[in-house]
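*Asks:* Generate coordinates for the sequence data below:
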Amino acid sequence: TGHCGVGSIIGLDNAWVAKQLGLDMVLICSAGLGSTFDELMLNQLKCEQHDVKIRGVIMNRVRPSLMDKTREYLEKALARWNVPLIGCVPYYTYFP
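*Replies:* So this is what the prediction gives:
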């Protein structure tokens, strides 16, 4: 349900909930490179704070023309944490 800090206004967050339930996390992020990794870094720090393992990352809404490049760069970036890129969901616009 959003980034790991969701619920912090009331002293809770997704990483804390995962810890209480004894669960690992899969992070889902929006497509991109710089800002996407910045967002993942904040989520990774929150998970680390609560000792929650990140099992992988799924990138959402990746433009099909950038799929290979995006996958390549994000896999290299995630390797720092030994976290796999599980997959990329392509962005498609559907018209009724």
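
*Asks:* Just give me how far stretch 65-82 sits from the chain centre.
*Replies:* Relative to its chain's centre, stretch 65-82 lies at 12 Å (Cα atoms, centre = their mean, to the nearest Å).

*Asks:* So which residues make contact with it?
*Replies:* 31-33, 36-37, 40, 44, 54, 57, 59, 62-63, 84-85, 88, 90 (Cβ atoms under 8 Å, 6 or more residues apart in numbering). Heads up, the C-betas are built off the backbone N, CA and C, glycines and all.

*Asks:* May I ask which of these has the most neighbours?
*Replies:* residue 57 (26 neighbours; other Cβ atoms under 10 Å).

*Asks:* Using PDB, write out every CA atom in the helix or strand hosting it.
*Replies:* Counting by DSSP states H and E, the element that carries residue 57 is strand 54-62. Below are the C-alpha coordinates for strand 54-62, written out as PDB (Å, rounded to 0.1, in the frame of the first residue of the first chain):
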ATOM      1  CA  ILE A  54      13.400  -6.900   0.800                       C
ATOM      2  CA  ARG A  55      12.800  -9.900  -1.400                       C
ATOM      3  CA  GLY A  56      12.700  -7.900  -4.600                       C
ATOM      4  CA  VAL A  57      11.500  -5.000  -6.600                       C
ATOM      5  CA  ILE A  58       8.900  -4.700  -9.300                       C
ATOM      6  CA  MET A  59       9.000  -1.600 -11.500                       C
ATOM      7  CA  ASN A  60       5.600  -0.400 -12.700                       C
ATOM      8  CA  ARG A  61       4.600   1.500 -15.900                       C
ATOM      9  CA  VAL A  62       7.900   1.200 -17.800                       C
END
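
*Asks:* Right, I'll call it a day here.
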